[in-house]
Structure formats: structure tokens, C-alpha cells
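Participant: I'd like to go over a predicted model; first the sequence, then the structure.
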Amino acid sequence: MQQLRALINVSIQELIRMRLWWVLVSLCLLLFALSFLFGSLSFDEKTRMLLHFGFLGVHLSGLGLAVVFGSQLLQKELDHQTCLVVLSRNVSREKFLLSKALTFYVVWGAGGSALVIMLWLLLGAQFSLGKMLLVFSGSYLESAVIFSAALFLSVNTRSLIAGSASLGIYLISHWSQEVAFFGEKVGNPVLSAVGQTSQYLFPRLYEANWRSIYFIEHPISWGYFLWTWTHLCAWVVLLIVASMVTFRRRDLV
Amino acid sequence: MTVLSVRHLSKSFKSGFFEPAYKVLADISFKIEKGRATGFVGLNGAGKTTTLKCILGFIRPQSGSIELNRQSLGYLPERPCYYDFLTAKEFLEFFWKLSVDHSDGFEKACDNVLKEVGLLDSKHVLLKKFSKGMLQRVGLAQALIHHPEVLILDEPMSGLDPDGRIRIKEILFRQKALGRTIFFSSHLLSDMEELCEDLVIIHKGKIVYTGSLESFKKTESLESSFKQLRQQLEGRG
Ligand SMILES: Nc1ncnc2c1ncn2[C@@H]1O[C@H](COP(=O)(O)OP(=O)(O)OP(=O)(O)O)[C@@H](O)[C@H]1O
Ligand SMILES: [Mg+2]
């Protein structure tokens, strides 16, 4: 436990010192400010705009962090061989990898929540904070899945490939439902088959897309919420375990 | 008592997908005895670093077995690459926490070890600002801070000024006096001659000598004995 804490501690320090983290957070804040400005042009649209762009900013930041950190956190240690001294200390590779994953989950959990609280304050606290955090939890889960996918890929390939492939997974996971729907609509069996198969092969990220005023005003049912959480958490666990298994077999040369 | 035993270790590398595998270690066996300093000698590319990485579990050998108690181990890698966003003190504290269950005693251990490697003045300096030699020293400090029983060092003297080299030699002498087991690779045969009791010599991935240094060099200096051995091996092809 102490080892894990020390590992996460150092990893967090590294993250905080990376420029990207601050760039994305500032971009997100910029988006808040812009939607505030646009919103003030038409008064009744203000809330909708701020909510929409606010959550979009938070979501995109989370996605960017997941792709970049997922493909780099571990890969950088392998490239620079900084992991060797750490692993010589009776630290198992699984624990090392887990510390990297937990670092992201903790940092983005805290950072993302802070941004959502800021958004809530900007909106004049007119919605319940709990509901807003519930909406954020969907976006958080998506980035957790994408991070885990990027981490898994980074164990096996170079980080540029891992980053772009995980972005690809994100897109496919969002489009699979639409592709299936579209295929059925135009009566194209191939298209609908592709869409349906990819729903089974990829995580169903679209199920966690709750980022609109609709879901604040009509909260999702607990059953649906739980199903989505279980589904995406299972994907996270699967990807982390797969990363551990492949990382264990890898030569650290 | 044997601290480390390596039996029939083999390792091949593939440089590309279609390239044939290339044998780097071929059936290596040797033993390291407790409380003794053992030098690991070989030409560039002989397979020293690969052997050490196999011993530490970084590289999975194709065959063979390694027996080593990893609980109390200090390791210095060949390339000094560390978390450069930490200060020397934070860096050492991190490794202390990885190996020692409690935090008391760290301050003293940290000052002691930094004094030993000659970096006490740079305690609060970021590793980013360290020179190569300073990194090499802080790397050694990292390997020593938790007072490990076994030290595995990959070229501890490389990249150091003459003063630094002498200092490292003194540190290794002190570790030996404390009864620690040291296994290190180096190209500096004169240093090895002063420090080591035992020798493991590797040539093109095969062990060509293992045993005491005295019986290897007989009457001559280590350097000329090594030269002779090399000529013999090359004569044999
Ligand atoms: N990842 C790798 N892929 C392919 N070949 C490798 C790899 N790592 C090392 N080798 C080869 O293995 C051989 C042994 O390398 P190693 O680094 O163990 O030598 P060394 O004895 O430590 O040399 P030096 O004294 O230069 O440090 C070399 O011929 C090298 O080319
Ligand atoms: Mg080497």
C-alpha cells in the first residue's frame, strides 16, 4: 500500500508538471467564458449554452487527457528506462502499471469534478450539484475507458499509434449505434451488421452521453445508470488486466 | 553462502520481424558469494547489461533459472535516467518509501548518503539540472539509501571525473567492509583489481572465466592477463 501511494504520488507530480494538463484546463475555462459571452447575447438561451459548452469543454479535456496520458504515462517510463530502478525495488510490474492507471483516475476525477463545480457556480447554482456530477460521471467513465485502452495499446505499440488508435476506438464506440440505426433505416444489411457487431466488440460509450440539459431536467433511471456504470467499468477492468498481462511478458530493454 | 546463482541462461533478440533471432547469451552459469565483490568483465556488446537485466527480471530469458533474493537489493542502471522533475531529496525519499516500511530515519539516511556521494550541496536541486556525473552519483545514492544486502551496479564509474571515480571506489570499499555483496560491471580493470575478490568474464555471450581474481591473473596484472585471454579466444575463432 505504501509503495502504491508513493508511486501514485510521484506520477501525480509528473502530471501536474506536464504542460498539457494546464493547456487543456485553460481551454476548458476559455470555453466556459465564451459560452458565457454568447449566452449573454440571448438571455433565455444562456443557461442552455453554458451547460452545453461547459460540459463539452469538460468532456473534451477529459478525452484529450485520457488519450495523451494513456499513451504516454507508461510508454515514457519504458522509453527513458526510468522504470528500471523502480522495478528493481520489489515493485511488481502489475503494481507499477496500476499506479499509472490510478493516477489518471484520481487526477481526472478530482480535476473534472472541480471544473463541474465551477460550471455549477457559473450557472448560478440553479441545478442540483448532484445531478450535474451524475452527468459528469458519464463523461468520466468514457475517459476512463479511453485511457485504459490507450494504456493497453501503449504497452504493445508506440505511443503515437496507441494515442491515435484509442481516439479511433472512441469514435467507433460513439458511432456504432448510429451506423446500425442508419443501416436499418436505408435497408443496407451490411451497414447494420457492421454497426451491430461493433456494438459488441467495442465499449458502448454512447450510453454514457448524458451531456445536455435534457438529462439534467429528466434524470436517467437508476437501473440505466447502474447498467452503464457496470458495462463501462467492466471494460476498464478488462483493459487494465489485459495491459498487466502483456506488460508482464514484455522485455524492458 | 551463495547470494545469486545463474544457471544455463540463454537469451536471443530479434531486431526485426523477419530477421532471424540473434543469440546474445548462450548458456550462461555462474554464482556470486555473500560478502564478496565480484567484477563482471567483457568487451562492448559482450552481454553484460543483458545478463544483469535478466538477473533483475527486466528481460525474460528463453531458458535458464536465476536465484536471487530481491527483498534487499540496490541497482544502478547503465544509463542514468531518473525522474528529472524531482529534487535529489524527493528522489531519494521516493525510493526510501518503496523499500522501507516506515518513514523515520529518512532525513538522516538521506544526508548520510548524499554526503557519501558528494551531493549534499545539491540536496534541493532538481535532477533536471544535474550533470551526467551528478546523475550517476545520485543513482548510486538511490541504490544505497535503504542499506541493501546486495548491490548490482552496471558500470558505476562511467561518466565520472577522476575525483568522482575515487569517491565511488571508496564507497564500494566501505560497503564491502559492511559485509555487503557487490556485483558490478566495469571496463576499468585497475579499479576492479583493487576492489574485487572474484571475477566473471563474458565473451560474446559465453562465460569464459568464473572464479577468484587472484587465480585468474596469477602473477601479472589483470590487464595483461585479460589481454592474453582475449588473444587466446580470438585465436580460437
Ligand atoms: N533490445 C535489443 N535488441 C537487439 N539486440 C540487442 C538488444 N539489446 C542488446 N542487444 C545486443 O546484445 C548484445 C549485448 O549487449 P549488452 O548491452 O548486454 O552488452 P554490454 O556487455 O553491456 O556492452 P557495453 O560494455 O557496451 O555496455 C549486443 O550485441 C547488442 O547489440
Ligand atoms: Mg552494458
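Facilitator: On my side now, so go ahead. Ligands and ions are numbered 1, 2, ... in the order given.
Participant: where does pLDDT dip in chain A?
Facilitator: Scanning chain A with the threshold set as pLDDT under 70 gives A:42-44.
Participant: so B:Phe95 is in contact with A:Arg89, correct?
Facilitator: Yes - contact criterion CB atoms under 8 Å: B:Phe95 and A:Arg89 qualify, at 6.7 Å. The C-beta positions use only the backbone N, C-alpha and C, and glycine is treated the same way.
Participant: overlap of the contact sets of these two?
Facilitator: Here B:Phe95 and A:Arg89 share no contacting residue, scored by CB atoms under 8 Å, 6 or more residues apart in numbering or on different chains.
Participant: give the bridge partners for the residue nearest the centre of chain B, please.
Facilitator: For chain B, the residue nearest the mean C-alpha position is B:Leu153 (1.6 Å; CA atoms, centre = their mean). Note on B:Leu153: beta-bridge partners B:Leu76, B:Phe184, judged by DSSP bridges.
Participant: show me what contacts it?
Facilitator: B:Leu153 makes contact with B:Gly74, B:Tyr75, B:Leu76, B:Leu140, B:Ala143, B:Ile182, B:Phe183, B:Phe184, B:Ser185, according to CB under 8 Å, 6+ apart.
Participant: go again with 7 Å.
Facilitator: B:Leu76, B:Ala143, B:Phe184 (CB atoms under 7 Å, 6 or more residues apart in numbering or on different chains).
Participant: could you count how many residues lie near the last one?
Facilitator: For B:Phe184, the neighbour count with other CB atoms under 10 Å in any protein chain shown is 24.
Participant: who's in contact with it?
Facilitator: Listed by CB under 7 Å, 6+ apart, the contact partners of B:Phe184 are B:Gly39, B:Phe40, B:Leu153, B:Pro156.
Participant: so the first one, which state does it fall into?
Facilitator: Here B:Gly39 takes the strand state, with states given by DSSP: H, G, I helix; E, B strand; the rest coil.
Participant: quick revisit: quick one: which of the contacts of B:Phe184 is nearest ligand 2?
Facilitator: Closest approach to ligand 2 among these (CB to the ion): B:Phe40, at 9.4 Å.
Participant: contacting residues for A:Leu129?
Facilitator: For A:Leu129, the contact set (CB under 7 Å, 6+ apart) comprises A:Ile117, A:Trp120.
Participant: do you know how far it is from ligand 2?
Facilitator: 57 Å (CB to the ion, to the nearest Å).
Participant: quick one, strands of the stretch 1-150 of chain A?
Facilitator: Assigned by DSSP state E, counting those that start in this stretch, the stretch 1-150 of chain A shows no strands.
Participant: tell me where it has helices.
Facilitator: Counting by DSSP state H, counting those that start in this stretch, the stretch 1-150 of chain A has helices at residues A:2-17, A:19-41, A:46-80, A:83-87, A:93-122, A:129-156.
Participant: now do the helix or strand harbouring A:Lys185: which elements does it pack against?
Facilitator: Assigning secondary structure by DSSP states H and E places A:Lys185 in helix A:159-186. On a contact count with 3 or more CB pairs under 7 Å, 6 or more residues apart in numbering or on different chains; DSSP states H and E, helix A:159-186 meets helix A:46-80, helix A:129-156, helix A:189-201.
Participant: run the angle between that helix and helix A:189-201 for me.
Facilitator: Inter-element angle recorded for helix A:159-186 and helix A:189-201: 130 degrees (by axes from the mean of the first three to the mean of the last three CA atoms, to 10 degrees).
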